[in-house]
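In: Provided below are the primary sequence and the corresponding predicted coordinates.
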Amino acid sequence: MDGGDFAKVGTDEGADRSKLVQGLWRPPKQPEDEGLKLFNSFTRKKEPFRPQSGKRVLWYTCGPTVYDASHMGHARAYISFDILRRVMTDYFNYDVSYVMNITDIDDKIIKRARVHHLIESYAAAGHTREKVIADAEAALKKFNAEKIANESCSLKRGAMDDIFGKCKAALEDYKKAAAATPSTEFCKTFSEPLGNFLDDQFGHTIVDNAIFNKLPRFWEEDYHKDMAALHVQPADILTRVSEYVPEITDFIKKIIDNGYAYEAEGSVYFDTVKFDHSEDHHYAKLVPEAFGDLEALTEGEGVLSEQAHGKRQAMDFALWKTSKPGEPAWDSPWGRGRPGWHIECSVMATAVLGDKLDIHAGGVDLRFPHHDNEIAQSEAYFQCDSWVNYFLHSGHLTISGCKMSKSLKNFITIKEALTQYTARQIRLMFLLHSWRSTLDYSPDVMDIAIKFEKTLKEFFLTVKDLIRSAGNSHPKWTADDLSLRDKYFASKQKIHEALCDSVDTRTAMDNIRDIIGSTNVYIQERVAAKAQAHPALLQHISLYLTRMMRVFGVIDSDESIGFTVGDKSGNVEETILPYVSALADFRELVRKEAREVKAANILQFCDRIRDDVLPNLGVRLEDREGQPPAVKLVDKNELMKEREAKLQAEEEKRVEKERKKREIEEARLAKERQMRVPPSELFRSQTDKFSLFDDKGMPTHDHEGKEISKGQLKKLEKLYQTHEAKFKELAAQNGNALPNGNAS
């Protein structure tokens, strides 16, 4: 039929013209996807995430106060927010502007810098032994009377008692030592009692601001090194309090102009009562039940804050502190002083992100008073009723149920943790738990993360080997293939729903484990049936899991599947595996021939290549019955550990086998020795049970002199008869010579 024929059909008067137009198309029904929800501390529930400007997100996170080494409590917060940030950026495709501050002006920093400087000067001063001993004893006495005796918290008091005990021991050692100058270790041990002792006497004499700058610069650099070691992405914008002092004074002036702050004796305080009584404002939005918690407010004011004169209400907090002698100071309209803690974040966040934030994040312990005070002073500055849309708070990290804290001396530094575990294992630990729940750090919790890591590694190695072995084959999809595909799609949807549910990585990881488990079962069944696992399906699954691990920050390389092996500068697998595979194939041919001619030595050489040579090159070779060997590139150190564990297991197995063999032999010899005992002597040696015997050697009385009962005597006679029979049997085997050497 040509075009003319079609034209005739189209103009046929009897044709149904409704069939000559395209039919109505209806889109398939889709379940409503509300998208990402985040647990918002403002409402204490999960809320749909709606940024102010499309996909752009303005995010501010409270950074560290840098006066000491970062510990795992810090890792808890910053890895958690790193995971959230990565998920929002790389999974939900938000354009996140991530800002974090460094607090380098703070009472703790000032006190620590002074103490550190005074201790260093004291150690270098060349004091006599008598003075050092006198000062140390006075320092301990003062520490005990003023610190330990007045501490109401039992945990903090326990930590102080521990310091006191160590100092006393160090002092006794110093008294016995010949050296006059106290050692570095002595000064380190005594840093708190002696440092406070010296600070009380000489702290007010320190006027050089460089002393207060040196300490935070050192610990800031140390913090960044720790974050890099943990693979935490650096902030897009990093701010330091010391760089924003002019902006802070301007911010405070406007709050005063708006009527919510007042000056008193060179300091400036926020008027919480006036703010709370304002029709448009509400103080303590995050933790309203903490309103009036003077203990928390006092702690938030800083360790150097004394009873403030001129404060209108006890709940008011400092925006600007007048500096006393021995404290750093900057010029301001109210005299020389320094910023209060809470004002710093409000100013820096505003300076770089503007008048409204999408997200503000920090540890859960910052909710009150720090974040509530930030909210109040920022709303007072902008004369608004909302400064932040979503507040995110990460959960505590505890040890044995106690919050990890420098004041409790129960913290584990990040560097210490990284000597025991890898950054990947630590990140997996956090991924396997909710980012906003309390997590108790322990070896058991880390073991779960290590096992998950091993599951991932072995899965990727197995799948890569199967895909590589399949070459360019495109087999027909079987019912087993389709079944696994459906399970995979179902789990993939659950992972998406979990991430939408306030980035629930725990549920997401559970479903990732399910995908791996289902795929491993599928592979085992295909191998058992001597059938091929579908390479396209395996590749699809492994690429997805690799992508999710990259989103979570577990994988930081561009490797297409799984973890990087060796040098990250190139694809080691593509370069090395063809050569290793050729060696593996050649070895398999040699093994096959060696089996046929029963050449045991050659088979041993082949085993040595597998067990000794290749592991030292970072190659694991797995022999498979009836199939080519699996070739897997694995970190050399990991293979060496596997080999050591295997050798140890084999040695333990050998020792256990020898032990059992020895026990059996000892039991046989004991039985034989027992058989050689004449029946008349069978019970006579059991003096702990019996005391009198008849002529035949049968017991008549127990060890207490009581007559043996008829029932017990019957049992003993049965034992006697059984033993007598065995004794005679042994005598017969020895040519009628009794086992004791007498003739029968």
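Out: All right, it came through fine.
In: Quick one: residues contacting residue 430.
Out: Shown in contact with residue 430 (C-beta atoms under 8 Å, 6 or more residues apart in numbering): 76, 79-80, 83, 439, 505. Bear in mind the C-beta positions are built from the backbone N, C-alpha and C, glycine included.
In: closest to residue 275 among the residues you listed?
Out: Using C-beta to C-beta, residue 80 is the member of the contacts of residue 430 that lies nearest residue 275, at 31.3 Å.
In: Can you check the pLDDT for that closest one?
Out: For residue 80, the pLDDT comes out at 98.
In: what's around it, how many residues?
Out: Residues lying near residue 80 (other C-beta atoms under 10 Å) number 28.
In: Now the phi/psi pair for it, please.
Out: When read as degrees, to the nearest 10, the backbone of residue 80 gives phi -60, psi -50.
In: sec struct for the nearest residue to residue 548 once chain neighbours are set aside, please.
Out: Distances taken as C-beta to C-beta, 6 or more residues apart in numbering put residue 512 closest to residue 548, at 6.5 Å, once the chain neighbours are dropped. Of the three states, residue 512 takes helix under DSSP: H, G, I helix; E, B strand; the rest coil.
In: nearest spatial neighbour of residue 594, skipping sequence neighbours?
Out: Counting by C-beta to C-beta, 6+ apart, residue 594 lies nearest to residue 602, which is 4.0 Å off, once chain neighbours are set aside.
In: circling back: what separates the residue nearest to residue 548 from residue 67, distance-wise?
Out: Separation of residue 512 from residue 67 (C-beta to C-beta, to the nearest Å): 39 Å.
In: So between these two, which is more surrounded?
Out: More crowded of residue 512 and residue 67, by other C-beta under 10 Å: residue 512, with 26 against 22.
In: what sits against the more buried one?
Out: Neighbour list for residue 512: 491, 495, 545, 548 [criterion: C-beta under 8 Å, 6+ apart].
In: Just the buried ones out of these, please.
Out: Buried subset of the contacts of residue 512 (neighbour count, 16 or more other C-beta atoms under 10 Å): 491, 495, 545, 548.
In: Could you list every helix and strand in contact with the strand or helix carrying the first one?
Out: This means residue 491. According to DSSP states H and E, residue 491 maps onto helix 479-500. If you count contacts as 3 or more C-beta pairs under 8 Å, 6 or more residues apart in numbering; DSSP states H and E, helix 479-500 packs onto helix 505-528, helix 535-551.
In: Tabulate those (a markdown table), appending mean pLDDT.
Out: Below are these laid out as a markdown table (pLDDT from 0 to 100):
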| stretch | mean pLDDT |
| --- | --- |
| helix 505-528 | 97 |
| helix 535-551 | 97 |
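In: List the buried residues for stretch 703-716?
Out: 708, 716.
In: Next: stretch 71-78.
Out: Going by neighbour count (16+ other C-beta under 10 Å), the buried part of stretch 71-78 is 71-78.
In: want to throw the residues you listed into CSV with distance to residue 258 and secondary structure?
Out: Below are these laid out as CSV (distance: C-beta to C-beta, whole Å; DSSP: H, G, I helix; E, B strand; the rest coil):
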residue, distance to residue 258, secondary structure
71, 39, strand
72, 42, helix
73, 37, helix
74, 35, helix
75, 39, helix
76, 37, helix
77, 32, helix
78, 34, helix
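In: Go ahead and flag the most central residue of this protein.
Out: residue 426 (3.4 Å; C-alpha atoms, centre = their mean).
In: State the distance from that one to residue 455.
Out: From residue 426 across to residue 455, the span is 17 Å (C-beta to C-beta).
In: With residue 64 instead?
Out: With the distance defined as C-beta to C-beta, residue 64 ends up 33 Å from residue 455.
In: more neighbours, the two?
Out: Per other C-beta under 10 Å, whichever of residue 64 and residue 455 has more neighbours is residue 64, with 21 against 15.
In: about what we covered before: output the contacts of residue 512 in CSV; the columns should cover distance to residue 337.
Out: Below are the contacts of residue 512 laid out as CSV (distance: C-beta to C-beta, whole Å):
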residue, distance to residue 337
491, 58
495, 52
545, 55
548, 50
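In: if we take those, which one ends up nearest to residue 98?
Out: Nearest to residue 98 among the contacts of residue 512, counting by C-beta to C-beta, is residue 548 at 21.0 Å.
In: Just to check, the closest one is in contact with residue 495?
Out: Yes - the pair residue 548 and residue 495 passes the contact test of C-beta atoms under 8 Å, sitting 7.0 Å apart.
In: Which residues are in contact with each of the two?
Out: Common contacts of residue 548 and residue 495 (C-beta under 8 Å, 6+ apart): 508, 512.
In: isn't there a strand covering residue 274?
Out: No - checked against three-state DSSP, residue 274 lies outside a strand; its state is helix.
In: where's the residue lying closest to it once chain neighbours are set aside relative to residue 252, distance?
Out: Distance criterion C-beta to C-beta, 6+ apart; nearest residue to residue 274, sequence neighbours excluded, is residue 260 at 6.2 Å. Remark: distance between residue 260 and residue 252 (C-beta to C-beta) = 10 Å.
In: what about these two, which has more around it?
Out: Per other C-beta under 10 Å, whichever of residue 260 and residue 252 has more neighbours is residue 252, with 26 against 22.
In: of all the helices and strands packed on helix 479-500, which lies closest to residue 654?
Out: Using C-beta to C-beta, the nearest of the helices and strands packed on helix 479-500 to residue 654 is helix 505-528, at 30.2 Å.
In: So for the closest one, what gets flagged as buried?
Out: So, applying 16+ other C-beta under 10 Å, buried residues of helix 505-528: 505, 508-509, 511-516, 518-519, 522-523, 526-527.
In: Give the closest residue to residue 292 in space, chain neighbours not counted.
Out: Nearest non-adjacent residue to residue 292, counting by C-beta to C-beta, 6+ apart: residue 315, 6.7 Å away.
In: And the helices and strands packed on helix 479-500: which comes nearest residue 383?
Out: Across those, residue 383 has its closest neighbour in helix 505-528 (39.2 Å, C-beta to C-beta).
In: what about that closest one, distance to the chain center?
Out: From the chain centre to the centre of helix 505-528 is a distance of 23 Å (C-alpha atoms, centre = their mean, to the nearest Å).
In: pLDDT weak spots in the chain?
Out: 1-19, 33, 306-308, 406-407, 566-575, 577-582, 584-585, 735-744 (pLDDT under 70).
In: Can you spell out which helices and strands pack onto the longest helix anywhere in it?
Out: Longest helix in the chain by number of residues (criterion: DSSP state H): helix 636-676. Using 3+ C-beta pairs under 8 Å, 6+ apart, the elements in contact with helix 636-676 are strand 619-624, helix 710-733.
In: what's the neighbour count on the residue nearest to residue 224 when sequence neighbours are not counted?
Out: Distance criterion C-beta to C-beta, 6+ apart; nearest residue to residue 224, sequence neighbours excluded, is residue 234 at 7.4 Å. Residue 234: 12 surrounding residues under other C-beta under 10 Å.
In: Would you check how far apart residue 234 and residue 87 are?
Out: Here residue 234 is placed at a distance of 18 Å from residue 87 (C-beta to C-beta).
In: Check residue 676 too.
Out: Residue 676 is 78 Å from residue 87, by C-beta to C-beta.
In: ditto for residue 202
Out: Taken as C-beta to C-beta, the span from residue 202 to residue 87 is 51 Å.
In: Check residue 394 too.
Out: 14 Å.
In: Show me which of the two is the more surrounded one.
Out: Set residue 394 next to residue 87 and count neighbours by other C-beta under 10 Å: residue 394 wins out with 26 against 20.
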